[in-house]
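[1] Below are the sequence and a predicted model for it; my questions follow.
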Number of protein chains: 2
Amino acid sequence: MAEFTPDPAFIATSAAVGDLALCHVRLQLDARYPWLVLIPRKTGLREIEDLSAADRIALIEETVRAGSAVRAVAEVLGLAVDKLNVGALGNVTPQLHVHVLGRRAGDPAWPGPVWGHSPATPFEGEALDRAIAAAQAALLP
Amino acid sequence: MAEFTPDPAFIATSAAVGDLALCHVRLQLDARYPWLVLIPRKTGLREIEDLSAADRIALIEETVRAGSAVRAVAEVLGLAVDKLNVGALGNVTPQLHVHVLGRRAGDPAWPGPVWGHSPATPFEGEALDRAIAAAQAALLP
């Protein structure tokens, strides 16, 4: 069986956080939002229905854990989280992945979706390292 | 305990399909997309994390079933489904709900998200009845 590798599109736009039981977790390189991407570590997946029932349970549990990690990332970045947004779209990058991110009233895309809204704002200084560390502390044993 | 009722925003923009074990299912009133909305039938929910672990399993299973129903709706409407989109946003209507819809290359919002993109196109003639019937046949025993 071919080994799982994240689509190159994720490598360009996000940084590795680590691996959960099912998903490879990445932090989106956009300092405007606390934003994680979960990519199930199996090959050939496009839709949630392509996962086994057991893996679907793992996916929604890891989605909830990612929500907690998003709040932890928001805290170190000094961002409020008024609402979590969860999305599995894949219109541009079809490899199955789930976005979990924190939104705040008045953020650049509010109240619309972030996907495709506007170019990312790069992290400055040590903010990226702090965000990744916060996500790892929240997610990984 | 207060009884579940869908937020009035859903009543204005969608038609009832029926109830699954966890979710009330509605068809979005936009003839451009085969589009269902799942609303867990419990009060006071905003985030997926607000559901019990058992209800989270039900939610992801009903999401997968909704994907099959979306394909059935697409077939009666003569629309292709190149990719399913699944989203739990709630920035405008915070009552917990999950959108499950079918996208096709070149649809009005492609490849961006549908939420907030452009006004809905009403169903004409008997198309709405046929879409609801297809969703019911796919979802309900």
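    Cool, the structure landed. Predicted model only: the values in this text are computed from it and were never measured.
[2] Looking at the longest helix along chain A now, give me its mean pLDDT.
    The residue-count maximum for a helix in chain A (DSSP state H) belongs to helix A:53-77. For helix A:53-77, mean pLDDT rounds to 98.
[3] Over to stretch A:114-131?
    For stretch A:114-131, the mean per-residue pLDDT is 97.
[4] Report the backbone C-alpha coordinates of that stretch in CSV.
    Extracted in CSV, the C-alpha atoms of stretch A:114-131 (Å, rounded to 0.1, in the frame of the first residue of the first chain):
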residue,chain,number,x,y,z
VAL,A,114,-12.5,32.0,5.4
TRP,A,115,-11.9,29.7,2.5
GLY,A,116,-10.9,31.7,-0.6
HIS,A,117,-11.6,35.0,1.2
SER,A,118,-8.3,36.8,1.1
PRO,A,119,-4.5,36.1,1.1
ALA,A,120,-3.0,34.8,4.4
THR,A,121,-1.1,37.1,6.7
PRO,A,122,2.3,35.6,7.6
PHE,A,123,3.2,34.9,11.2
GLU,A,124,5.8,37.4,12.6
GLY,A,125,8.7,36.8,15.0
GLU,A,126,8.1,33.8,17.3
ALA,A,127,4.3,33.7,16.9
LEU,A,128,4.4,30.6,14.6
ASP,A,129,6.6,28.7,17.1
ARG,A,130,4.3,29.6,20.0
ALA,A,131,1.2,28.6,18.0
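[5] Give the buried residues for that stretch.
    Within stretch A:114-131, the residues scored as buried using 16 or more other Cβ atoms under 10 Å in any protein chain shown are A:114, A:115, A:117, A:120, A:123, A:128, A:131. In this view, the C-beta of every residue, glycine as well, is placed from N, C-alpha and C.
[6] Could you say which helix or strand holds residue A:95?
    For residue A:95, there is no host helix or strand (DSSP states H and E).
[7] Alright, I will stop here.
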